Every structure is written in C-alpha cells, then in structure tokens.
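> I would like to see how this sequence folds:
(one chain, ligands or ions: 1)
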Amino acid sequence: MKIGYYSYVWYNGEIVEWNKATVHLMSHALHYGTSVIEGIRAYADEENVYVFRLVDHMKRFINSAKIYSFNLKYSLDELLKAVVETIRTNNVKEGCYIRPIAFVGMHGIDLYVSKDSPINVAIILLKVGEYMKSEGVRACISSWRRICDPLIPPLAKAGGNYLNSVLATQESKRNGYDEAIMLDLNGNVSEAPGENIFIVRKGKIYTPPVSAGILEGITRDTAITIANDLGYEVIERNIPKTELYISDEIFLTGTAAEIAPVISVDGITIGDGKIGPVTKSIKELYHQAVRNKLPKYSHWLTKVY
Ligand code: PY5
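Numbering: from 1, shown residues only. As a prediction, this is how the structure comes out:
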C-alpha cells in the first residue's frame with residue numbers, strides 16, 4: 001500500500017524535521033517490542049480538519065502505557081494539544097493518519113522496564129488513503145490464534161502485539177486472501193490483525209466481547225453507537241467460528257479500515273457476496289459522522305483550525 005509523509009514530526013515535546021526523527025540501534029523497543037501506539041484519522045471538509053475521537057484514542061494510549069508501566073511524562077491535555085500542533089505545523093488541509101508512539105529508548109538489554117526507564121514519545125503524521133478494499137474483503141480463518149490476556153494483553157495497543165498480526169496476515173496473503181480472522185485460544189472468533197469484527201444474523205448484530213482477546217476498538221464503539229441509533233440491537237457475545245459461515249453479513253471496523261464489508265470467509269460466500277444492507281447503513285453514517293456532516297456526532301470531532 002502507498003504511504004506518504006509530512007515534513008514535521010512531534011518528538012519528545014519538540015517539532016523536528018522528518019529526516020531527523022530517528023532512533024539509536026540500541027533502542028529497547030527495537031529489540032523487545034516495548035512500544036505502545038495509537039492509530040487515529042483526521043478528516044477534512046472545505047472548512048476544517050477534524051480529528052476523529054482524539055480524546056478516546058489518547059486515553060487508550062495512556063492506558064496502554066499504564067499496562068506496561070511506561071512513564072509518558074505528558075498529560076492527556078498535552079498529548080491532545082501536541083496532535084493539533086503537529087497537524088497545524090504541517091499545514092495539513094486534507095485527511096491524514098496520526099500515529100502516536102511511546103517506546104523504551106536506551107535501556108541496554110535490561111528487561112526491567114519501570115517508571116524510571118527512558119520513554120520517548122512521538123506523534124507522526126502519515127498520508128494513508130483507502131486501507132481496505134471497499135468492494136469487499138475475502139477473508140480466511142487464520143491458523144494463528146489471537147494473543148490473549150494471560151500471555152500478552154491485547155487490551156494494550158503494544159508494538160509487540162503486531163507480531164501475532166503479521167503472522168496471520170502473511171498466512172492469509174500466501175493463501176490468496178485479503179485478510180485474516182483470528183480465533184482466540186478457546187476457538188471463538190476474536191478479531192482481524194488490525195480490525196474488530198461484527199456479524200449480522202436475522203437483523204441482529206453480534207461482536208466478540210473484550211474477553212475474546214480483542215483490542216477495545218474505538219471504531220467498534222462508534223459502530224455500536226451508530227447501529228443502536230439506527231435501531232439495531234448489538235450483542236456482545238462469543239461467536240463460534242462456524243457462525244461466520246452462516247452469517248447474513250460480516251464487517252470489520254478499525255481506524256485504518258473504517259467499516260469494511262467481508263464478502264467471503266474461507267471461500268464461503270457471505271450473504272449474496274456483496275455489501276449487506278446493515279453494513280451499508282452503518283458505513284454510510286460513519287462516513288458522514290467523521291466528516292462533520294451529522295451534528296449528533298460532532299462531539300466526536302476535534303477541530304484543528
Ligand atoms: N484490533 C486491532 C488489533 C487493531 O490494531 C485495531 C486498530 C483495531 C482492532 C481497531 O481499533 P480502532 O477502531 O480503535 O482503530 N488498528 C490500527 C488502525 O489504525 C492499525 C492497523 C494496521 O486501524
């Protein structure tokens with residue numbers, strides 16, 4: 001996928017040039033995966049640029065850091081201001097992707113990461129267009145199981161978690177699919193490598209609970225809110241793998257992927273192999289909400305200018 005960059009990065013409280021935003025080879029995170037990240041999108045219209053659910057993303061960032069005892073040194077308010085400042089400094093007038101990262105810096109080979117360990121914090125802006133095929137995703141069930149809380153907590157959006165996601169993605173592409181769906185250790189549906197999952201059956205919507213090894217997605221929460229507002233019941237419960245095959249609709253949610261319909265699983269067609277009506281209605285409202293077209297959801301937006 002194509003990705004573009006902007007000229008300036010926010011790095012430990014300062015605005016630095018893209019080429020100077022570098023790390024040392026001995027950065028702890030490079031060796032042990034000791035980083036936490038966020039993925040946020042901003043959308044633009046003729047009047048302004050809107051960061052979608054910035055506060056929720058930054059709260060999750062702070063919680064991810066808390067799980068690993070990273071001392072972020074920046075308050076929620078400072079992090080929110082830093083994101084806005086980074087977008088303004090780059091004079092961005094279009095939609096963009098925001099990648100906050102906090103990582104353990106020079107800490108030798110020591111595994112004891114504590115409140116005294118050196119943490120670097122950066123906010124990076126990227127040009128990311130469509131992340132997932134809008135006409136529909138052909139997914140497979142991965143042979144890799146999703147990480148789980150007693151091993152590596154999926155509730156923290158940690159860099160190291162994505163080794164699990166990379167393996168599942170590689171396998172799905174090797175076998176000719178667009179995307180993987182991972183099961184938890186009990187065999188219930190968990191999530192995709194970078195997205196949460198929903199199924200629709202007989203007009204009701206189901207999604208796996210937090211206990212199924214998922215990241216508590218902000219787009220997941222947005223989709224639940226929109227679906228409820230549209231009059232659909234959304235039920236959080238375990239989903240056995242086989243239920244995917246007989247679902248009327250399946251969709252994935254994520255900041256990068258937005259609302260992405262799944263049209264087949266393991267080669268089995270879902271519904272009539274096209275985006276279904278429930279997915280379509282949620283996707284349409286999501287598209288409008290993030291672009292400040294629906295006053296009802298404008299509280300989710302942070303204006304940049
Ligand atoms: N599950 C995982 C493992 C994720 O990485 C993501 C987000 C989600 C669910 C959805 O969370 P949210 O709705 O809060 O974005 N993934 C990132 C994203 O920006 C990175 C994808 C490569 O969408």
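> hey, let's count contacts and neighbours off CA atoms from now on
Will do.
> state the distance from Gly213 to the ligand.
9 Å (Cα to the nearest ligand atom, to the nearest Å).
> and Thr253, by the same measure?
Shown here: Thr253 relative to the ligand, a distance of 6 Å by Cα to the nearest ligand atom.
> repeat for Ser281
Distance, Ser281 to the ligand, by Cα to the nearest ligand atom: 18 Å.
> would you mind measuring from that residue to Glu249?
Distance of Ser281 to Glu249, computed by Cα to Cα, to the nearest Å: 12 Å.
> between the two, who's got more neighbours?
Ranked by neighbour count (other Cα atoms under 10 Å), Ser281 and Glu249 place Glu249 first, with 29 against 14.
> from what I see, Gly33 and Lys157 are in contact.
No. Using Cα atoms under 8 Å, Gly33 makes no contact with Lys157, being 11.4 Å away.
> who has more neighbours out of the two?
Neighbour totals were compared for Gly33 and Lys157, and Lys157 leads with 23 against 17 (other Cα under 10 Å).
> my guess is that one contacts Ser64, does it?
Yes. Using Cα under 8 Å, Lys157 is in contact with Ser64, at 5.8 Å.
> shared neighbours of the two, which are they?
Val36 (Cα atoms under 8 Å, 6 or more residues apart in numbering).
> for the helix or strand that Ile226 is a member of, packing partners?
Here Ile226 sits within helix 218-229, counting by DSSP states H and E. Judged by 3 or more Cα pairs under 8 Å, 6 or more residues apart in numbering; DSSP states H and E, the packing partners of helix 218-229 are strand 234-236, strand 249-254, helix 277-289.
> would you pull up how far the second one lies from the middle of the chain?
Okay, so that is strand 249-254. 13 Å (Cα atoms, centre = their mean, to the nearest Å).
> need the contact partners of that strand.
With contacts defined as Cα under 8 Å, 6+ apart, strand 249-254 is touched by 192, 194-201, 217-220, 223, 244, 258-263, 270-271, 275-276, 278-279.
> then the shortest one?
With contact meaning Cα under 8 Å, 6+ apart, strand 234-236 is reached by Lys204, Ile205, Tyr206, Thr207, Pro208, Pro209, Ile224, Ala227, Asn228.
> how far off centre is stretch 292-305?
With Cα atoms, centre = their mean, you get 20 Å for stretch 292-305.
> can you give me the strands in the stretch 51-200 of the chain?
Residue ranges of the strands in the stretch 51-200 of the chain, as given by DSSP state E, counting those that start in this stretch, are 96-104, 119-127, 137-141, 179-183, 189-191, 196-201.
> most tightly surrounded among the ones you listed?
Mean neighbours per residue, mean count of other Cα atoms under 10 Å, is largest over those for strand 189-191, with a mean of 29.
> I'd like the average pLDDT over stretch 296-305.
Mean pLDDT, stretch 296-305: 98.
> export that stretch as CSV, just CAs?
C-alpha atoms of stretch 296-305 as CSV (Å, rounded to 0.1, in the frame of the first residue of the first chain):
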residue,chain,number,x,y,z
LYS,A,296,-25.5,14.4,16.5
TYR,A,297,-21.9,13.1,16.4
SER,A,298,-19.9,16.3,16.2
HIS,A,299,-18.8,15.8,19.8
TRP,A,300,-16.5,13.1,18.5
LEU,A,301,-14.6,15.6,16.4
THR,A,302,-11.7,17.9,17.4
LYS,A,303,-11.4,20.9,15.1
VAL,A,304,-7.7,21.6,14.1
TYR,A,305,-8.2,25.1,12.8
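> can that stretch be said to contact the ligand?
No. If you take Cα under 6 Å from any ligand atom as the test, stretch 296-305 misses the ligand, and the best it gets is 13.2 Å.
> quick check: residues of the stretch 51-200 of the chain near the ligand?
Pro193, Gly194, Glu195, Asn196.
> scan the residues you listed and report the most crowded one.
Glu195 (27 neighbours).
> residues in contact with Pro208?
Val189, Ser190, Glu191, Ile197, Phe198, Ile214, Glu236, Arg237, Asn238, Ile239.
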